[in-house]
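Undergrad: Sequence first, then the predicted structure, then my questions.
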Amino acid sequence: MTRDGHYPYQAPIDAYGNGGFRFAQMSHRGSLLCLPSGMHAWDVQSLEQIDETSLKRVLDQADDIDILLIGLGKEISFLLPQLRECLKDQHIIVEAVATASAISTYNILLGEKRAVAAALISVDSARRA
């Protein structure tokens, strides 16, 4: 069941690449937020677009999130210090890594039933998670 780019359950990522993700026996084109409230389309394509506005859904659900993994595509870079501080103020640990690493860690922590979320920028290279 999907509506408006939203799947109402948090699910592991089965595969990624070709500009999207596969999870829960379905596929999604574009970037993705994996939150306690479910899987949401995320209108972000680059690190420069990640800010408090693009992470509003994360901040709205901060009480249910201990760890946020941010997948930055193929590259690794630093998040703005004020964004890290904002997430820290909400008691969210943030780790910004390549999308492949974020997916791997997200799947493990989700399997352990940890309070994890992920903000994943889509990549073109096809891979299985």
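TA: Yep, that arrived. Residues are numbered from 1 along each chain as shown.

Undergrad: Helices of this structure, residue ranges please.
TA: Along the chain, counting by DSSP state H, helices occupy 56-60, 81-89, 99-111.

Undergrad: In CSV, list these along with distance to residue 120.
TA: Where you see a C-beta, it was placed from the backbone N, CA and C, and this is true even at glycine. Shown next, in CSV, are the helices of the chain (distance: least, CB to CB, whole Å):
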stretch, distance to residue 120
helix 56-60, 12
helix 81-89, 16
helix 99-111, 5
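
Undergrad: so which of these gets nearest residue 40?
TA: helix 56-60 (6.1 Å; CB to CB).

Undergrad: what packs against that closest one?
TA: Helix 56-60 is packed against strand 31-35, helix 81-89, with contacts defined by 3 or more CB pairs under 8 Å, 6 or more residues apart in numbering; DSSP states H and E.

Undergrad: Could you say which of the ones you listed is packed most deeply?
TA: By mean neighbour count, with neighbours taken as mean count of other CB atoms under 10 Å, strand 31-35 ranks first of the helices and strands packed on helix 56-60 at a mean of 26.
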